[in-house]
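Peer 1: model the structure of this input:
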Amino acid sequence: MEFPTTFAALTTGAAASPVIPKAPDSLQSQADRLLLQHYSPPAVLANDQGDILYISGRTGKYLEPAAGKANWNLFAMAREGLRHELIGAFQKAVRQKGEVTVRGVEIRGEGVTQTVDLTAQAVTEPEALRGLVMIVFRDVATLATAKPTGSGSSAAAGSAKMAELKEEARHAQEELRAMREEMQTSQEEFRAINEELQSANEELQSTNEELTTSREEMQSMNEELQTVNAEQLARLDELAWATSDMNNLLNSTEIATVFLDKGLRVRRFTTGSEKIFKLIPADVGRPLTDIASSLLYPELSDDAREVLRTLIFCEKQIATRDGCWFKVRIMPYRTQEDVIDGVVMTLTDITATKTLEAELRAGERNFRETFETLPHPAALHEIAPDGAPGDYRLLAVNPAFVRLVGRPAQELIGKTVREALPATDNARIEAFGKVARTGEPVLLVEESPEQGCRYQVTVYRPTPGQLACLFVDITGRRPDVAEER
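Peer 2: Residues are numbered from 1 along each chain as shown. As a prediction, the model looks like this:
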């Protein structure tokens, strides 16, 4: 049986595609094809497992399909007498990566014995065929021998049988040797594979230990991160509460506060500041000097820079265009690392204080005018909180009192009654001091034999810690009984 050198794919369907005529081959290609078909030895190309990939020439004398399922394996298709030699030469060529030749191989088939030389060569070039094996079959011519007759024929038949048995024994020994070599090679390969597997197993064990260690480290790190995360969450909660407390504190104090950086740009401001500086949230980052203000304070930026330079706070009372008053206090802004990073300006509304102060000044001025123009002698004293009832000093005296005692005001103010008026009775001094402590007024009538006058003395406490005495001349009036109220 002969096998074609090429195979054509079967087409299915009713209509066949038109055949495109091929261009005529050159003389060289036709000559090469003729030589390959008629004069080159039959050969097959197989992979390292013996599967046939390509057939050249007529190989029917050496190969035949095996019965059963189609099998294109070289060893399964080898004819009787060729299989053992083919297997040995093929495996040896694969191991040695070279060429192996076996001569005088007898192939028996269909009553004919053919002697061939078998060549197996591992292909290394070109790159596309590397790893494949080329099997070449070359027929060997045999000499014709005379056919023996009679007893000679029986002896020749016995000799032929013996030679055949020896040949089979030799083939068996070669196969055994080849199998032993293959076994040794396989054992060495298995030993090398085992060592590689052991090495890989050790590496895997080492990697497993490293992974276990890494997993433990990751678990430990994860626990640490969870702890740190919990601490950070707690700190964030504390910071949120502190911020809320600070905002509520600043809002409850009704003190407008503006935070400025080193360039006097607005960093933050509290409620109430927008009424003084016309601030809006979009003004954060703008210079404070670019923002309209109701303060009559043109030197504000100079004072802020001076605070940054000297680190000494500045405090002033500043009026506004609408008649209000603010106490402006500028202090350095210190970070937790004690680094100066701007200034803090607080503005406290002191309009009510200023109004009260003006009223007090007006009242004091009216009191002074009334006190000075009073026709009756009058004196104002103060008493020390921890002193004795009689330890009170003169604060003010009017001209009528100066005429009454006959001494100038400079010699009286700032001195105690005992120092200014030594003749004063101690009992009366202590009684007057008691009025300053209890707040209960006293009305007395006193005689002045030196002047021949009689006075009605009114003693009362105008404010805590002070004592006022008013002497009204009642000479010539009906005498009254002194009454203490």
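
Peer 1: just for the stretch 201-350 of the chain, where's the confidence low?
Peer 2: When the per-residue scores of the stretch 201-350 of the chain are filtered using pLDDT under 70, no range remains.

Peer 1: helices of that one, start to end?
Peer 2: Remark: helices assigned in the stretch 201-350 of the chain by DSSP state H, counting those that start in this stretch are 273-277, 300-310.

Peer 1: chain center to stretch 358-366, what's the gap?
Peer 2: 66 Å (Cα atoms, centre = their mean, to the nearest Å).

Peer 1: before we move on, what about stretch 283-292?
Peer 2: Relative to the chain's own centre, stretch 283-292 is displaced by 34 Å; criterion: Cα atoms, centre = their mean.

Peer 1: got phi/psi on T458?
Peer 2: Main-chain dihedrals, T458, degrees, to the nearest 10: phi -110, psi 120.

Peer 1: could you do the one 5 residues further on as well?
Peer 2: Here is the backbone geometry of T463 (degrees, to the nearest 10): phi -140, psi 160.

Peer 1: what ranges do the helices span in the stretch 1-150 of the chain?
Peer 2: With DSSP H, counting those that start in this stretch as the criterion, the stretch 1-150 of the chain has helices at 27-38, 74-77, 83-96, 150-253.

Peer 1: I'd like to know which elements the third one is packed against.
Peer 2: For helix 83-96, the helices and strands in contact under the criterion 3 or more Cβ pairs under 8 Å, 6 or more residues apart in numbering; DSSP states H and E are helix 74-77, strand 99-109, strand 112-122, strand 133-140, helix 150-253. In short, each C-beta sits where N, CA and C put it, glycine included.

Peer 1: now these in TSV, with mean neighbour count and distance to P464?
Peer 2: Listed next are the helices and strands packed on helix 83-96 as TSV, based on neighbours: other Cβ atoms under 10 Å; distance: least, Cβ to Cβ, whole Å:
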stretch	mean neighbour count	distance to P464
helix 74-77	20	131
strand 99-109	16	132
strand 112-122	18	125
strand 133-140	18	127
helix 150-253	11	29
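
Peer 1: can you lay out the ones you listed as TSV showing distance to G414?
Peer 2: Formatted as TSV, the entries for those read as follows, by distance: least, Cβ to Cβ, whole Å:
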stretch	distance to G414
helix 74-77	139
strand 99-109	139
strand 112-122	132
strand 133-140	135
helix 150-253	41
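
Peer 1: which strand residues bridge L63?
Peer 2: The residues listed as beta-bridge partners of L63 by DSSP bridges are A78.

Peer 1: these two touch, right, it and A76?
Peer 2: No: because the distance of 9.4 Å does not satisfy Cβ atoms under 8 Å, L63 is recorded as not touching A76.

Peer 1: and the residue lying closest to L295 once chain neighbours are set aside, what does it touch?
Peer 2: For L295, ignoring the flanking residues on the chain, the nearest one in space by Cβ to Cβ, 6 or more residues apart in numbering is I318 at 5.2 Å. By Cβ atoms under 8 Å, 6 or more residues apart in numbering, I318 lies in contact with 295-297, 325-328.

Peer 1: check those residues for burial and list the buried ones.
Peer 2: 295, 297, 325-328 (16 or more other Cβ atoms under 10 Å).

Peer 1: in TSV: the residues you listed, plus distance to V140.
Peer 2: Formatted as TSV, the entries for those read as follows, by distance: Cβ to Cβ, whole Å:
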residue	distance to V140
L295	125
Y297	126
W325	133
F326	127
K327	128
V328	124
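
Peer 1: mind listing the helices for the stretch 351-485 of the chain?
Peer 2: Counting by DSSP H, counting those that start in this stretch, the stretch 351-485 of the chain forms helices over residues 351-373, 399-405, 417-420, 426-438, given from the N-terminal end onward.

Peer 1: a markdown table for those helices, including distance to R267?
Peer 2: Listed next are those as a markdown table, based on distance: least, Cβ to Cβ, whole Å:
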| stretch | distance to R267 |
| --- | --- |
| helix 351-373 | 27 |
| helix 399-405 | 61 |
| helix 417-420 | 61 |
| helix 426-438 | 54 |
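
Peer 1: so who does L296 touch?
Peer 2: L296 makes contacts with 318-321, as judged by Cβ under 8 Å, 6+ apart.

Peer 1: which of the residues you listed lies closest to A431?
Peer 2: A319 (48.6 Å; Cβ to Cβ).

Peer 1: can you pull up the bridge partners for T119?
Peer 2: T101, V136.

Peer 1: ok so, going back, pipe the helices of the stretch 1-150 of the chain into JSON lines and attach distance to R334 per row.
Peer 2: Putting those into JSON lines (distance: least, Cβ to Cβ, whole Å) gives the following:
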{"stretch": "helix 27-38", "distance to R334": "98"}
{"stretch": "helix 74-77", "distance to R334": "94"}
{"stretch": "helix 83-96", "distance to R334": "86"}
{"stretch": "helix 150-253", "distance to R334": "16"}
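
Peer 1: to E181, which of the helices of the stretch 201-350 of the chain lies closest?
Peer 2: Closest of the helices of the stretch 201-350 of the chain to E181 is helix 300-310, at 96.5 Å (criterion: Cβ to Cβ).

Peer 1: now do that closest one: everything it contacts.
Peer 2: Residues from elsewhere that reach helix 300-310 (Cβ under 8 Å, 6+ apart): 260, 262, 264, 288-289, 293, 313-314, 316, 328, 330-332, 340, 342-343, 345.

Peer 1: compute the first-to-last residue distance for stretch 418-434.
Peer 2: One end of stretch 418-434 to the other measures 16 Å (Cα to Cα, to the nearest Å).

Peer 1: could you number the chain from 57 rather than 1 from now on?
Peer 2: Renumbered: residue one is now 57, and that last one reads stretch 474-490.

Peer 1: where does the stretch 107-256 of the chain dip in pLDDT?
Peer 2: When residues are selected by pLDDT under 70, those of the stretch 107-256 of the chain lie in 165-167, 198-209, 212-213.
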